Every structure is written in C-alpha cells, then in structure tokens.
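no letters, just coordinates:
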C-alpha cells in the first residue's frame with residue numbers, strides 16, 4: 001500500500017504510473033471537485049474519458065467540446081469576480097485534461113498532476129467565495145487519499 005503524506009510523495013507516485021492510469025487518476029480528482037460544476041458538459045466529458053474504447057474522432061469531438069466550455073468560463077472569470085465561476089472554470093479545465101490527447105502534453109507533463117493542480121485552484125476559489133482559506137491544503141490531503149486508494 002502506498003502512503004502519501006506530501007506533494008513530493010504524491011508527484012512521485014503519480015509519475016510511477018503508466019499514462020493511462022495517470023489519466024484515470026486525473027478523472028478521480030475531477031470527480032472529487034465535481035460539486036463546483038453546474039454545466040453538464042463537464043460530467044459528460046468525464047464519462048467519455050472513462051471509456052477507453054472510443055475512436056479518435058469521438059475523443060477529439062469531446063476534447064474540443066470541453067475546450068469550448070473552458071474558454072467560455074474563462075471569459076466569465078473577470079465579470080464581477082464571481083469566485084464560483086472561476087472555480088467552475090478550473091474544474092472544466094481539469095476535465096479537459098482528462099480527455100486531452102497525449103501528444104498535446106508537453107514532455108514531462110502528466111494528466112493527473114495537472115488535473116490535481118486545477119482542482120486545488122478550483123477549491124481555493126470556492127473557499128474564497130465563502131470567506132475561508134486553507135482550501136488548497138484540504139484538497140491536497142483529499143487527493144493524497146484518492147491516490148492512495150487508487151493504488152490499492
């Protein structure tokens with residue numbers, strides 16, 4: 001069993017996983033932050049990402065569809081600084097990472113670490129909207145547990 005207590009162990013564990021397992025773990029991180037999302041396209045993207053038997057055309061369509069949502073939520077981020085809109089943007093971005101073709105990642109990047117970071121950012125904006133702080137730390141520890149359970 002893998003015990004993860006900090007970001008160094010977290011990243012090391014994730015990097016030890018094969019690409020497809022990293023992508024599946026990224027989906028778990030996004031599912032944990034799904035309460036920050038109101039747009040069904042994010043949930044649909046996650047369901048598509050879970051299916052490993054899809055054609056490149058279907059994957060490409062899903063990726064481009066979620067990217068449109070990412071751009072739409074990005075343009076809403078500055079409007080009256082609605083922190084929950086910003087949180088939803090980061091979850092949508094994390095969902096896009098779950099379905100992003102491997103060749104679009106920069107060498108050394110992996111989907112689980114990127115999705116985890118975006119979900120932490122989303123949770124931070126949620127907590128800011130509530131006048132709280134320390135969200136990132138709570139989300140980090142939740143992600144450590146998700147990764148530990150994933151490794152069982």
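All right, it came through fine. Owing to the predicted nature of the structure, the values given are computational and were not obtained by experimental measurement. Residues are numbered from 1 along each chain as shown.

how many other residues sit next to residue 114?
Counted by other C-beta atoms under 10 Å, the residues lying close to residue 114 total 21. Backbone N, C-alpha and C define where each C-beta goes, glycine included.

now swap in residue 30 and tell me
Count around residue 30 with other C-beta under 10 Å applied: 28.

so it touches residue 117, yeah?
No: applying C-beta atoms under 8 Å, one finds residue 30 not in contact with residue 117, separated by 11.7 Å.

leaving out chain neighbours, which residue sits closest to residue 27?
Leaving out its chain neighbours, the residue that sits closest to residue 27 by C-beta to C-beta, 6 or more residues apart in numbering is residue 98, at 5.0 Å.

summarise which helices and strands the strand or helix carrying that neighbour is packed against.
Following DSSP states H and E, one finds residue 98 within helix 83-99. If you count contacts as 3 or more C-beta pairs under 8 Å, 6 or more residues apart in numbering; DSSP states H and E, helix 83-99 packs onto helix 19-32, helix 40-50, helix 56-76, helix 111-129.
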